[in-house]
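Chemist: Provided below are the primary sequence and the corresponding predicted coordinates.
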Amino acid sequence: MSFLNDTPLGRTSAFIDQYTPSLLCPVPRWDARESLDLDTAAEGEPRLPFHGQDIWNAYELSWLNERGKPVVAMAELVVPCISPNIIESKSLKLYLNSFANTRFASREAVIKAIAGDLAQVAGAPVDVRVMSMEEAARAAVWDDHGDSVDHLDVAFEHFEYRPELLFTEQGPERNGALVSHLLRSHCPVTNQPDWGTVQVRYTGAEISPASFLRYVVSLRNHQGFHEQIIEQMFVDLKRQCAPRHLSVYGRFTRRGGLDINPFRSDYEDLPRNLRTIRQ
């Protein structure tokens, strides 16, 4: 991933506060997906074992109305996982901040600009919702909706990526849900830690809660963008535990006014965008 050193994340950037779409920087998804060793379709593209979206919440969005008065808002951006590119996070931060001293006629004009610019960079349509502070304040908050593994009193020996730690228990097929707030990984460019919550929903043999906890902790020093980490978890759970149905949902804490929440599933639709206590 040496090419990432040339992205905004890998260098000092000047602050630009006039609307500048050229600040956005794409990162190809193929680079990380090659390491997942996925099957390929006839045309050579990877055959994805999941569908899903990346939900971005933007907390630092402001522009000027036609009279020059500042408007502040929050934005929800939903990028499909089939897009050729992800959007490099620092470039998105710089892009959104470039709205600060530009006049827009309406909220709808801002939405149209963001949706068009992000779609061009991602290579696929991006859903955009812009909320006032009052609208955002009415949003519901996260409920784990699963069995937390964080309270388990187990010993840990591995703090490097170990998918083989995962295993299932003997017994009949079941519908299960596991949650951990102990997910931590590292940005592949800056090596700074990323913190998150992960929820796994499945149908199949019971995934050992202790093995899942040890596996989550083994990612503690693993490098990958948020989207890559969740896709790796999906592939690892499928290969090691073979559930008939599987969903993996990551809720990462914000950095630079943005949080990224990837969802990958082979049977469920996109869940509600509910912020955790750390978001």
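Modeler: Structure received. Residues are numbered from 1 along each chain as shown.
Chemist: so what's the nearest residue to residue 199 once chain neighbours are set aside bridging to?
Modeler: Leaving out its chain neighbours, the residue that sits closest to residue 199 by Cβ to Cβ, 6 or more residues apart in numbering is residue 249, at 4.5 Å. (C-beta placed from N, C-alpha, C; glycine too.) Counting by DSSP bridges, residue 249 is bridged to residue 199, residue 263.
Chemist: residue 249 is in contact with residue 263, isn't it?
Modeler: Yes: counting by Cβ atoms under 8 Å, residue 249 does reach residue 263; the two are 4.8 Å apart.
Chemist: and for those two, which residues touch both?
Modeler: Contact criterion Cβ atoms under 8 Å, 6 or more residues apart in numbering; residues bridging residue 249 and residue 263 by contacting each: 230, 271.
Chemist: now the helix or strand harbouring residue 130: average pLDDT?
Modeler: Using DSSP states H and E, the element containing residue 130 is strand 127-131. Averaged across strand 127-131, pLDDT comes to 98.
Chemist: thinking again about what came up before, count the residues that sit near the residue nearest to residue 199.
Modeler: Per other Cβ atoms under 10 Å, the neighbour tally for residue 249 reads 24.
Chemist: count of neighbours near residue 48?
Modeler: Neighbourhood size, residue 48 [other Cβ under 10 Å]: 20.
Chemist: distance of it from residue 126?
Modeler: Remark: distance between residue 48 and residue 126 (Cβ to Cβ, to the nearest Å) = 18 Å.
Chemist: those strands in the chain, which residues are they?
Modeler: Ranges of strands within the chain are 26-28, 51-64, 70-80, 85-87, 127-131, 147-148, 174-186, 193-204, 245-252, 258-265, based on DSSP state E.
Chemist: any chance of those in JSON lines with distance to residue 224 as columns?
Modeler: As requested, those are arranged in JSON lines below (distance: least, Cβ to Cβ, whole Å):
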{"stretch": "strand 26-28", "distance to residue 224": "12"}
{"stretch": "strand 51-64", "distance to residue 224": "13"}
{"stretch": "strand 70-80", "distance to residue 224": "17"}
{"stretch": "strand 85-87", "distance to residue 224": "11"}
{"stretch": "strand 127-131", "distance to residue 224": "24"}
{"stretch": "strand 147-148", "distance to residue 224": "24"}
{"stretch": "strand 174-186", "distance to residue 224": "6"}
{"stretch": "strand 193-204", "distance to residue 224": "9"}
{"stretch": "strand 245-252", "distance to residue 224": "11"}
{"stretch": "strand 258-265", "distance to residue 224": "11"}
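Chemist: so where's the chain uncertain?
Modeler: 1-13, 41-44 (pLDDT under 70).
Chemist: got the domain ranges for the protein?
Modeler: Domains of the chain are assigned by automatic domain parsing as 2-137, 147-265.
Chemist: distance between the shortest one and the chain's centre?
Modeler: Pointing back at domain 147-265 there. Remark: domain 147-265 is offset 13 Å from the chain centroid, using Cα atoms, centre = their mean, to the nearest Å.
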